[in-house]
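Engineer: Sequence and predicted structure are below.
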Amino acid sequence: MYFFDPMFFLIIAPALLLALVAQYMVKSAYSQMSQVPARMTGYEAARRILDAYRLHDVEIEQVPGELSDHYDPSAKVLRLSPGVYGGNSMASVGIAAHEVGHAIQDAKRYAPLVIRNLAVPAASFGSGIGTILLMIGFGMMGAAPVFGKYIAIAGMVGFGATVFFQLINLPVEFDASARAKTELVNLGIISGPELPYVSKVLNAAALTYVAATLQAVLTLAYYVFRFMQATSSRNN
């Protein structure tokens, strides 16, 4: 369906362009700020912030890959890539602190994070099944219009779970970055004048989440457009 539809690419073009810009900015900021030394490694910065919040039970592990850093709320483990774990740069401490921000959110039962975690299964399932139902629904609207219409609606609702996840993910990521910047300065890991170095990396990363959200929203908008187009042609 949309894989061969020029209208699909026209509608989501802004999101694709933003995603390319965001990817470039992340790589550029990470590369530049990896050259700016910090007082400690990403591991040491993460451990200091975790201990300041008495989150001694949260472990820190090194995982392979570049920028593969994440916090696992189910295992209570902070997983850092080699460059962040052992790197003593502004990029390393900034990224590590951002992931600690998620651990703090988890400990404080930060509402958007709780909702996001609950939405993960629905979003994962809805993304795949929603697209399949939409393709089936649109395909059936010629032979069995009523049945096809309801299948297509079910597909849009399913994909809507992905859109919801992306929307709720934005405040979670922005809040984690805000907590990271605050704690890095409050605990003396970086100084106030050094904050722009960390902000450059975290702001670039935030743009990738905005791009992902925009792509999900515009993809759903395309589905709605196609649905309205299909139902209108049937009525005429």
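Structural biologist: Great, that's in hand. Numbers count the residues shown, from 1 in each chain.
Engineer: From now on I want contacts and neighbour counts done on CA atoms only, so please keep to that.
Structural biologist: Will do.
Engineer: can you tell me which residues contact the residue positioned nearest the centre of the chain?
Structural biologist: Residue closest to the average C-alpha location in the chain (CA atoms, centre = their mean): residue 209, at 4.5 Å. By CA atoms under 8 Å, 6 or more residues apart in numbering, the residues touching residue 209 are 166, 169-170, 173.
Engineer: how about 7 Å then?
Structural biologist: Applying CA atoms under 7 Å, 6 or more residues apart in numbering, we find residue 209 in contact with residue 170.
Engineer: pLDDT score assigned to it?
Structural biologist: On the pLDDT scale, residue 209 is placed at 96.
Engineer: One more: residue 235?
Structural biologist: On pLDDT, residue 235 comes in at 59.
Engineer: Surely residue 37 is in contact with residue 88?
Structural biologist: Yes: Residue 37 is in contact with residue 88 according to CA atoms under 7 Å; the separation is 5.9 Å.
Engineer: And the two? Which one has more around it.
Structural biologist: Between residue 37 and residue 88, residue 88 has the larger neighbour count (other CA atoms under 10 Å), namely 22 against 15.
Engineer: Quick one: list the elements packing against the helix or strand residue 106 falls within.
Structural biologist: Element membership of residue 106, judged by DSSP states H and E, is helix 90-107. Packing partners of helix 90-107 (3 or more CA pairs under 7 Å, 6 or more residues apart in numbering; DSSP states H and E): helix 6-33, helix 42-52, strand 70-72, helix 82-85, helix 145-186, helix 195-235.
Engineer: Of all those, which one is nearest residue 64?
Structural biologist: Closest approach to residue 64 among the helices and strands packed on helix 90-107 (CA to CA): helix 82-85, 6.5 Å.
Engineer: Next, the buried residues of stretch 169-179.
Structural biologist: Under the neighbour-count criterion of 16 or more other CA atoms under 10 Å, stretch 169-179 has 169-170, 172-177, 179 buried.
Engineer: picking up where we left off before, how about the helices and strands packed on helix 90-107, which one is nearest residue 102?
Structural biologist: When the helices and strands packed on helix 90-107 are compared (using CA to CA), the closest one is helix 145-186, at 5.6 Å.
Engineer: Hmm, residue 122 and residue 165 touching each other?
Structural biologist: No: with contact defined as CA under 7 Å, residue 165 does not reach residue 122; the gap is 8.6 Å.
Engineer: Looking at the two now, which is surrounded by more residues?
Structural biologist: More neighbours surround residue 165 than the other of residue 165 and residue 122, with 22 against 17 (other CA under 10 Å).
Engineer: Show me where the chain dips below the pLDDT cut-off.
Structural biologist: Within the chain, the stretches with pLDDT under 70 are 1-3, 233-236.
Engineer: What is the nearest of the buried residues of stretch 169-179 to residue 59?
Structural biologist: Nearest member of the buried residues of stretch 169-179 to residue 59, counting by CA to CA, is residue 176, at 18.0 Å.
Engineer: My read is that the closest one contacts residue 103, right?
Structural biologist: No: in this structure residue 176 lies outside contact range of residue 103 using CA under 7 Å: 8.9 Å.
Engineer: could the buried residues of stretch 169-179 go into CSV alongside distance to residue 219?
Structural biologist: Listed next are the buried residues of stretch 169-179 as CSV, based on distance: CA to CA, whole Å:
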residue, distance to residue 219
169, 17
170, 18
172, 22
173, 22
174, 23
175, 26
176, 27
177, 27
179, 32
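Engineer: ok, these vs residue 214, which is closest?
Structural biologist: residue 170 (10.8 Å).
Engineer: Tell me how far the residue nearest to the closest one when sequence neighbours are not counted lies from residue 177.
Structural biologist: Among residues not flanking residue 170 along the chain, residue 209 sits closest, at 6.6 Å (CA to CA, 6 or more residues apart in numbering). Here residue 209 is placed at a distance of 12 Å from residue 177 (CA to CA, to the nearest Å).
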